[in-house]
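Engineer: sharing a sequence plus its predicted fold:
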Amino acid sequence: TGNPSTHPTGLPTVSPLERPSITPVLPPNEGGIKDVVFYVLGDAPYQRKEFDDDQFPKQVRDIPNDSDFVFHVGDMQRTKTSLCNITWYQHVADILRYSTSPVFITPGD
């Protein structure tokens with residue numbers, strides 16, 4: 001509906017409220033709302049020594065038990081030199097099973 005504005009216009013033109021709220025609609029931890037706790041891993045493991053010296057397995061085992069889930073953002077091997085070996089991904093999956101919380105991964109770089 002026209003070109004974007006080059007300056008702030010103030011209040012939104014379409015809103016479920018007549019004017020924006022300054023405070024959250026529900027205060028924290030009220031109304032049955034539970035915090036979501038999660039941990040994120042990535043850029044590991046890159047090298048065999050991270051398995052051999054227990055670095056990566058220890059990192060996974062040390063994730064606190066308060067997490068609702070764990071997310072690994074991928075980037076688990078050097079694609080230029082590894083050719084994305086499936087055995088490597090299987091080994092990483094075995095280590096991620098140490099987690100006491102569900103684990104989600106995004107394979108790739």
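Structural biologist: Looks like it arrived, so ask away.
Engineer: now the end-to-end length of stretch 85-105.
Structural biologist: 16 Å (Cα to Cα, to the nearest Å).
Engineer: give me the mean pLDDT for it.
Structural biologist: Stretch 85-105 comes out with an average pLDDT of 86.
Engineer: show me which positions of that stretch end up buried.
Structural biologist: Neighbour-count burial for stretch 85-105 flags 88, 91-92, 95-96, 99, 103, 105 (criterion: 16 or more other Cβ atoms under 10 Å). (Glycine included, C-beta is placed from N, CA and C.)
Engineer: farthest-separated two in those?
Structural biologist: The largest separation in the buried residues of stretch 85-105, counting by Cβ to Cβ, is between Trp88 and Ser99 at 18.4 Å.
Engineer: next structured bit after the lowest-mean-pLDDT helix or strand in the chain?
Structural biologist: Lowest on mean pLDDT, DSSP states H and E among the helices and strands of the chain sits helix 79-82, with a mean of 65. Scanning forward in sequence from helix 79-82 by DSSP states H and E, the next helix or strand is helix 86-96.
Engineer: output the contacting helices and strands for that following helix.
Structural biologist: For helix 86-96, the elements it packs on are helix 55-61, strand 69-72, strand 103-105, judged by 3 or more Cβ pairs under 8 Å, 6 or more residues apart in numbering; DSSP states H and E.
Engineer: C-alpha coordinates for the longest one, PDB please?
Structural biologist: The C-alpha coordinates for helix 55-61 follow below in PDB (Å, rounded to 0.1, in the frame of the first residue of the first chain):
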ATOM      1  CA  GLN A  55      35.900 -32.900  25.500                       C
ATOM      2  CA  PHE A  56      32.700 -33.100  23.500                       C
ATOM      3  CA  PRO A  57      31.100 -36.000  25.400                       C
ATOM      4  CA  LYS A  58      31.800 -34.200  28.700                       C
ATOM      5  CA  GLN A  59      30.300 -31.000  27.300                       C
ATOM      6  CA  VAL A  60      27.100 -32.900  26.500                       C
ATOM      7  CA  ARG A  61      27.000 -34.800  29.900                       C
END
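Engineer: what residues sit buried inside that helix?
Structural biologist: Going by neighbour count (16+ other Cβ under 10 Å), the buried part of helix 55-61 is 56-57, 59-60.
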